[in-house]
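J.: got a predicted structure here, sequence first:
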Amino acid sequence: MRNKLSFLSVTSLAVLVPVCALMSCSGASTANSKTTPTITWPAPAAVTNPTPLGPMQLDATASVAGTFVYNPPAGTVLAAGTHTLSVTFTPNDTSRYNNATASVSIMVTPATSPTPTPPPTPPSSSVAYVYVSSSANSQIFAFSADSNGTLSPLTGSPFPGSAAFMAVNGKFLFANNGSDTNISSFTIASNGALQQVSTIDASQYNQFKNGGPETLFLDHTGTTLYAGDINAYGTESNAYQAFSIDSSTGQLNFLAVTPAAGPNAGSVLSFIGNNTFAYSSGCNKGSPEIFGYQRNADQTLSRLNLSPSIPTAPRGGAYCPFFAAADASNHVAIPLTPFAIYSQIGQPQLAVYTADGSGNLTTTSTSANMPTSSIGFPTDLEMAPSGTLLAVAGTAGLQVFHFNGAQPITPFTSLLTKNQVDQVWWDNANHLYALSQSAGLLYVFTATPTAIGQAPGSPYTIAKPQNLAVLPKT
């Protein structure tokens, strides 16, 4: 993986002679008496996939001082072929100078074909494989995470594959591209490399042959794949599909689809430690719902008859729950966001519920003892394997809290990012991964109950990231 790059914008202070024969540029005076600066940008030498764009290619200069913004940005890995790079230049003195643009072509040669030898073994300090899908050229970037959290690209990365949603166990990665009803299976080699081996059309198993998969998740054993089946029984009538996984080939075998369960169903279910009960929550059109399913002996899911209490919100509003994250025991964290009618009126607070032997949920959380986050609207949350830390992501960034079993959750960090974070994931070596789609960044943190900080090289730039999946190796 590439380290955070500092050349996304470059200030040029040199006055250079234009070499317009090498690229497309502009430099004429305009009717408003402003002058358009001249950009000089020699066509870059060819690169080999998967070399990311960097300062050797994004090296335009201008005749006045100002800032460059490149498209595609630094860190982008282009597929083999001829591509156009463009730049927009904004002068510091906009009263005298216009903006200017330029473009050049770059040739990307294919990656060298691998030799017929066993795949290289990642460093012995590798603690996880990290996969980030990108809508740019439908690729999945793959990295090895070092014990200190540093990411290194795996041999052959990026791999072909379209994945708006992913799930991963020890041998296979499963993906749905979000635009059709297919679920694809990829093998994971010993060095982390991916190869697509099968695809099924999941909608064929629905009663009306419509709807289809969106979210993907596994049980704790990794032997069953579950898919949030959106509109399985019609508009806003969602369900869950269950598939067994052939442990040798990764082929998915359909087991069952749950009965229709309304618009909140379909989100990722979080299993508690017994791998029997799993929970999520939602608040479609202001109707709050905390719900759960039981995993049966045949790997299928059955809806639990639950009606957990939701604390009373302050200021005359009502709490809307979104998502759930369970620990390795029988406790479940749920963000509760205060709403009035359909408007959010405060920051999410964090409730904790306890599951009994029948899957029923109870809580002692109140508006007074629940910590208040600063994340804006919640987008994801994930429990650390230790069960002592809870990562909560939202439109305003990422925070980590202390999780204390049935006792109230307590604050730990302030916002760790200023960018919206869309997805979080932990490995088993105290690393927290956070993906910001809008910023095109993957953050890596080293986190313990006493300290948290960004790992070396974080954040990493990824063009048009979609989804994150982490395969712990320890």
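T.: Ah, there it is. Numbering: from 1, shown residues only.
J.: F291 and A261 touch, don't they?
T.: Yes. Taking CB atoms under 8 Å as the definition, F291 is a contact partner of A261 at 7.5 Å. Bear in mind the C-beta positions are built from the backbone N, C-alpha and C, glycine included.
J.: give me the more crowded residue out of those two.
T.: F291 (24 against 19; other CB atoms under 10 Å).
J.: who touches both of F291 and A261?
T.: Residues touching both F291 and A261 (CB atoms under 8 Å, 6 or more residues apart in numbering): R303.
J.: what is the neighbour count of E214?
T.: Counted with other CB under 10 Å, residues neighbouring E214 total 19.
J.: how about it, secondary structure?
T.: The three-state label given to E214 by DSSP: H, G, I helix; E, B strand; the rest coil is strand.
J.: from N238, how far out is it?
T.: Separation of E214 from N238 (CB to CB, to the nearest Å): 9 Å.
J.: overlap of the contact sets of the two?
T.: Contacts common to E214 and N238, judged by CB under 8 Å, 6+ apart, are 228-230, 266.
J.: highest neighbour count among these?
T.: D229 (29 neighbours).
J.: looking at this protein, which helix or strand is least sure?
T.: strand 47-48 (a mean of 84; mean pLDDT, DSSP states H and E).
J.: next one: it to chain centre, how far?
T.: Here strand 47-48 is found 27 Å from its chain centre; the criterion is CA atoms, centre = their mean, to the nearest Å.
J.: over to stretch 231-243?
T.: 23 Å.
J.: with stretch 160-171 instead?
T.: Relative to its chain's centre, stretch 160-171 lies at 12 Å (CA atoms, centre = their mean).
J.: same deal with stretch 42-55?
T.: 26 Å.
J.: how far does that stretch stretch from start to finish?
T.: 13 Å (CA to CA, to the nearest Å).
J.: what about A100, how many residues nearby?
T.: 24.
J.: I'd say it and T40 touch.
T.: No. Counting by CB under 8 Å, A100 does not reach T40; the two are 11.0 Å apart.
J.: which segments of the chain make up each domain?
T.: 20-109, 128-472 (automatic domain parsing).
J.: let me see the mean pLDDT of the longest one.
T.: Pointing back at domain 128-472 there. The average of the pLDDT scores along domain 128-472 is 95.
J.: if we can go back for a sec, just the ones of the shared contacts of E214 and N238 in strands?
T.: 228-230 (DSSP state E).
J.: which one of those is nearest F89?
T.: I230 (43.8 Å; CB to CB).
J.: is it true that P449 touches F401?
T.: No. Here P449 does not reach F401: they are 10.8 Å apart, not a contact under CB under 8 Å.
J.: list the residues that contact both of these two?
T.: Common neighbours of P449 and F401 (CB under 8 Å, 6+ apart) are 389, 412.
J.: looking at the two, which is more packed in?
T.: More neighbours surround F401 than the other of P449 and F401, with 20 against 14 (other CB under 10 Å).
J.: gap between the more buried one and S414?
T.: 11 Å.
J.: likewise for F403?
T.: 17 Å.
J.: let me see the ranges of the strands in the stretch 301-450 of the chain.
T.: 301-303, 318-321, 325-326, 331-340, 343-344, 349-355, 361-363, 378-383, 389-394, 397-402, 410-411, 423-426, 431-436, 441-447 (DSSP state E, counting those that start in this stretch).
J.: now swap in the stretch 1-150 of the chain and tell me
T.: Counting by DSSP E, counting those that start in this stretch, the strands of the stretch 1-150 of the chain are 39-40, 47-48, 61-62, 66-71, 81-91, 100-109, 128-134, 139-145.
J.: what's the fifth one packed up against?
T.: In this structure, strand 81-91 makes packing contacts with strand 66-71, strand 100-109, judged by 3 or more CB pairs under 8 Å, 6 or more residues apart in numbering; DSSP states H and E.
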